[in-house]
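1. Predicted structure and sequence below. I'll ask about it afterward.
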Amino acid sequence: MAEMDYKLTYFNMKGLAEPIRMIFAVAGQKYEDVRIPREEWAQHKEKFEYGQLPVLEVGDKKLAQSNAITRFLAKKFNLGGADDWEAAKVDELADVMVDFRSEWRKYFMEKDPEKKEELKKTLIETTVPKYLGKVENIQKENGGDFLVGQKLTWIDIQYAHFLEMFEVTTGPEVTAAYPNLKKLQKAVFETPEIKEWIDKRPVTEF
Ligand SMILES: N[C@@H](CCC(=O)N[C@@H](CS)C(=O)NCC(=O)O)C(=O)O
């Protein structure tokens, strides 16, 4: 395999891999989009260093952890911020997303309907305003469409995608009060290369 051959392995869903796929789309970079069927996962799990996906293969090298993969590609394709300071602010917002997602996951994974309803209430009344309220203001203060600087970065792609995932799994009310984040999402999803990818990507719920 040549150095510039990329293979991204994940499940047949958007999830943690979708921002990575969108980065490939923006960069116009070809890659192999491998989607392991859930029912076959048990027989593959051991082959991956942390037993989890996504994993990116670059030639004969393997990289795990979605944010590490995203940062690696963003740097390569100039989507990491205009300078070190912007790159650090992008990282700050990425860590905010990690914190927010871990709170949201408690709701998403809960099977008991009563507990799930309670978790949803806390999520919508407390957690979402705490995290998205803050990021909404950051977007507004930055001016323009994006979160950091005046050019698209990987963190814009990540927020646009995960906002959609929160809406799909929690309901549209989760983002209704955040017009600047919706503006950001629109700008990302209407970036021609991303729009082209969205129009042709496999249809999956998550
Ligand atoms: N911190 C990891 C989390 C990866 C993760 O949780 N992957 C899930 C899918 S979203 C997975 O591989 N689940 C299957 C398993 O754990 O067996 C990342 O960001 O890549």
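-> Great, that's in hand. The structure presented is a predicted model; accordingly, all values stated were derived computationally and were not measured.

2. quick one: contacts for Glu125?
-> Counting by CB atoms under 8 Å, 6 or more residues apart in numbering, Glu125 touches no other residue. Just so you know, the C-beta spots here come from the backbone N, C-alpha and C atoms, and that holds for glycine as well.

3. what residues does the chain put near the ligand?
-> Within the chain, the residues that sit near the ligand (CB under 6 Å from any ligand atom) are 15-16, 45, 51-54, 65-67.

4. Of the residues you listed, keep whichever come out buried.
-> Among the residues of the chain next to the ligand, the ones that count as buried by 16 or more other CB atoms under 10 Å are 15-16, 53-54, 65-67.

5. Is the most far-flung residue of the chain relative to its centre in a helix, a strand, or coil?
-> When each C-alpha in the chain is compared with the mean C-alpha position (CA atoms, centre = their mean), Glu114 comes out farthest, at 28.8 Å. Put simply, Glu114 is helix when judged by DSSP: H, G, I helix; E, B strand; the rest coil.

6. so how far is the ligand from it?
-> Distance, Glu114 to the ligand, using CB to the nearest ligand atom, to the nearest Å: 26 Å.

7. Break this protein down into its structural domains.
-> 6-77+193-200, 84-190 (automatic domain parsing).

8. want to throw those into TSV with mean pLDDT and distance to Phe206?
-> Putting the domains of the chain into TSV (pLDDT from 0 to 100; distance: least, CB to CB, whole Å) gives the following:
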stretch	mean pLDDT	distance to Phe206
domain 6-77+193-200	98	5
domain 84-190	96	7
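
9. list the contacts for Gln29?
-> 6, 77.

10. For the most centrally placed residue in the chain, pull up the helix or strand it's in.
-> A centroid search over the chain (CA atoms, centre = their mean) returns Gln158, at 3.6 Å, as the residue closest to the centre. Here Gln158 sits within helix 154-170, counting by DSSP states H and E.

11. Send over that helix as PDB, restricted to the C-alpha atoms.
-> Only the C-alpha atoms of helix 154-170 are listed here, as PDB (Å, rounded to 0.1, in the frame of the first residue of the first chain):
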ATOM      1  CA  TRP A 154     -12.700  20.500  11.600                       C
ATOM      2  CA  ILE A 155     -14.500  21.700  14.700                       C
ATOM      3  CA  ASP A 156     -17.200  23.400  12.600                       C
ATOM      4  CA  ILE A 157     -17.700  20.000  10.800                       C
ATOM      5  CA  GLN A 158     -17.800  18.200  14.100                       C
ATOM      6  CA  TYR A 159     -20.400  20.500  15.700                       C
ATOM      7  CA  ALA A 160     -22.600  20.500  12.500                       C
ATOM      8  CA  HIS A 161     -22.600  16.800  12.500                       C
ATOM      9  CA  PHE A 162     -23.200  16.100  16.200                       C
ATOM     10  CA  LEU A 163     -25.900  18.700  16.400                       C
ATOM     11  CA  GLU A 164     -27.700  16.700  13.800                       C
ATOM     12  CA  MET A 165     -27.100  13.500  15.800                       C
ATOM     13  CA  PHE A 166     -28.500  15.200  19.000                       C
ATOM     14  CA  GLU A 167     -31.600  16.300  17.000                       C
ATOM     15  CA  VAL A 168     -32.100  12.800  15.600                       C
ATOM     16  CA  THR A 169     -31.700  11.000  19.000                       C
ATOM     17  CA  THR A 170     -33.200  13.600  21.400                       C
END
